[in-house]
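Trainee: Output the structure for:
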Amino acid sequence: MHNHVRTAALLLFAALPAFAHAASGAAAASDSTVTVSGGGLSAPETYHLVQMYGDWFATATDAHAALTMRTLPGAHQATVGIAWDGKGQTQTIDAANSDIHNGGKFSFALHLSGAGAYSQDAQLRGADAITVKITRMDNLTLEATFSGAAYGTGSLKIAGVIKLRREATAERPTGTFGNCDPAIHDKLAGAEWRSPSDCEVKFDAYVRNGLTAAMQPVIDGLTAQGWKVTSEVETQPLTSIPRHTESKPFQLTEQGMHQGGAFFVSLALPESSPIYQSYNQAAMDEMTKVVAAAQAGKNLPMDKAAEASRALEEDTKIGIRVAINSGGAGMVNFKTGHTVKPLPGGGFTLEVPYEQPPGGGGPDGAQRILHVFFGAWAAAPTSKPSGAGEDIAVKATLDASPANLLKVQNVSIRIQAGTEQAQQLIKLIDWGALQALTAGK
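Mentor: Predicted coordinates:
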């Protein structure tokens, strides 16, 4: 599963705005400085960095700092962005480990604002490096020195002191999940997403493993019939999560943090397979009838050909996406006539024969979708007319109390397939595994 890590742009300083992404950490007092020489400066210049944005933390096993420190407004201003990762008392930031593609754990950049040489942006290039020596780092105090070289309009020598103190930490608890640390130790301060807590990482892995177990019989059953997997979920540890989610039930949704939700798989029949050939022949026969009728001057609806093509797509391609703890579901059916059926183990299915795709579009792109709703959902969907079709809504009944934040309260499965294939999938799902997930076993 691909995790979308959002690196803090304000630490890269390609162009420094007015720091729209403010600090996610608790406010800290700064008595920090940086001294810069070279690069065309007439003499070494010392800047007092009295403003700080960002965050740091230190635990028994890990530590991280992501800081943006700047001067007050004036003729000569400076902003230092610096980040390092790990428990080592000496940290080295260089051009290799501060590359944006390395996850943003290490970073250094300097922005000078003024006239002439006092206006330049410096970053690490080639053999440039900044060495950080940490003398004290706990949740309330950070003291360190840094020195080295970076390149702006020319080579700059840089030496600085970090002195930060705060009255309280920014750590916030998430839900708990067995024996784990629920505190958020954020390595993505200033970014759109945050680091997950240890409890969230463990719960995420638990959910994905459980859903994979529940859906594996589907994959095994279809591949035994000649279907081929064309794409599927990649299991990777959770490394980022949207901010302000710690007080809500943990969600893995179709349009959420990972592509496809908690689990997804796509399958297709090879064109060479006998099953595909039979479906293809049926579609060709239908299209031949349309052409023959048109040649004979008969008024046979042309959408018969489109329906035949659509049926071939439905019968030979399958897409399955699974999500948990959705707050609700809504869909547009371009033609009235959805079907609701109860599930033997609880919950219900909702078949929408002409559903608008998630990305939007008109009736020509409509999809046949079978939705499965299991767990904390309202008893049945509601619908209202919408032109020639209908709007359908399904409501969830999630519990946001602290004890239930890291629990699987509901499961939704979206199956894009023909009616026959979808019903076969329902029989192949391991419902016992799903029940165990929602029961917290």
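
Trainee: In three-state terms, label residue 217 for me.
Mentor: helix (DSSP: H, G, I helix; E, B strand; the rest coil).

Trainee: list the contacts for it?
Mentor: Counting by CB atoms under 8 Å, 6 or more residues apart in numbering, residue 217 makes contact with 428-430. Heads up, the C-betas are built off the backbone N, CA and C, glycines and all.

Trainee: Make a ChimeraX selection of whichever of these turn out to be buried.
Mentor: In ChimeraX syntax, the buried subset of those is picked out as below (16 or more other CB atoms under 10 Å):
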select :429,430
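
Trainee: In strands, which of the contacts of residue 217 appear?
Mentor: Using DSSP state E, no member of the contacts of residue 217 sits in strands.

Trainee: mind putting the contacts of residue 217 in a markdown table, distance to residue 305 included?
Mentor: Listed next are those as a markdown table, based on distance: CB to CB, whole Å:
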| residue | distance to residue 305 |
| --- | --- |
| 428 | 32 |
| 429 | 34 |
| 430 | 39 |
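
Trainee: Let me know the closest of the contacts of residue 217 to residue 65.
Mentor: Of all these, residue 430 has the smallest distance to residue 65: 45.2 Å, by CB to CB.

Trainee: wait, isn't the closest one in contact with residue 213?
Mentor: Yes. With contacts counted by CB atoms under 8 Å, residue 430 reaches residue 213, the gap being 6.4 Å.

Trainee: what about residue 209, distance to residue 239?
Mentor: To residue 239, residue 209 is 17 Å away according to CB to CB, to the nearest Å.

Trainee: If you could redo that for residue 28, that was the one I meant.
Mentor: Distance from residue 28 to residue 239, by CB to CB: 25 Å.

Trainee: Would you mind telling me which of those two has more residues around it?
Mentor: Taking other CB atoms under 10 Å, residue 28 and residue 239 do not tie; residue 28 has more neighbours (24 against 16).

Trainee: And for that one, nearest residue in space, chain neighbours not counted?
Mentor: Residue nearest to residue 28 in three dimensions, not counting chain neighbours: residue 166, with 3.9 Å by CB to CB, 6 or more residues apart in numbering.

Trainee: Tally up the residues packed near that neighbour, please.
Mentor: 19.

Trainee: mind checking how far it is from residue 55?
Mentor: Taking CB to CB, one finds residue 166 at 10 Å from residue 55.

Trainee: For the stretch 101-250 of the chain, which segments count as strands?
Mentor: 107-113, 120-123, 129-137, 141-151, 155-165, 193-194, 228-232, 241-242 (DSSP state E, counting those that start in this stretch).

Trainee: any idea how far residue 243 is from residue 221?
Mentor: Going from residue 243 to residue 221 by CB to CB gives 40 Å.

Trainee: Go ahead and confirm residue 180 touches residue 205.
Mentor: No. Judged on CB under 8 Å, residue 180 makes no contact with residue 205 at a distance of 11.1 Å.
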